[in-house]
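Student: this one's sequence-less:
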């Protein structure tokens, strides 16, 4: 893994190239109410499925370190099986179709998502863009 500054510089270049792909994947923010006031509860929902090879790769490369990152302090990870999403009482913009899917939640409402996992750089770049959408007064 590269150091965080080098990784972010690479991500700036890669993000421009991946923008069209990301938009096609539906990673645009949902029409959720961003004005929930101070103390809004933030989570990164990790929707996984048994036997998913991309979930397994994410678990090995990022899942083992995510809890140690600044991103985890802003958006703690919550894992859930795909089959349990409907019963979780979340306000999602649309159903989860692919695994892994990472949904940024504020008070249980979707702000945006990352569908799929084509690698570390893609994940960290998209996550940074999602976290930029959080209101400044929101804490985990």
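Tutor: Thanks, I have the structure now. The model shown is predicted, which means the values in this text are computed figures rather than measured ones.

Student: gap between residue 104 and residue 126?
Tutor: Residue 104 sits 10 Å away from residue 126, taking CB to CB, to the nearest Å as the criterion. Every residue, glycine included, has its C-beta placed from N, CA and C.

Student: for this structure, give me the ranges with low pLDDT.
Tutor: Low-confidence segments of the chain (pLDDT under 70): 1-40, 139-140.

Student: let's go with 50 and repeat that
Tutor: Counting by pLDDT under 50, the chain shows low-confidence ranges at 1-2, 4-39.

Student: now the strands: where do they sit in it?
Tutor: Along the chain, counting by DSSP state E, strands occupy 42-48, 77-81, 101-106, 109-115.

Student: quick one: strands adjacent to the first one?
Tutor: Yep, that's strand 42-48 we're talking about. Taking DSSP bridges as the criterion, strand 42-48 sits next to strand 77-81 (parallel), strand 101-106 (antiparallel) in its sheet.

Student: out of the ones you listed, which one sits most buried?
Tutor: Scoring the strands paired with strand 42-48 by mean neighbour count under mean count of other CB atoms under 10 Å gives strand 101-106 as the most buried, with a mean of 24.
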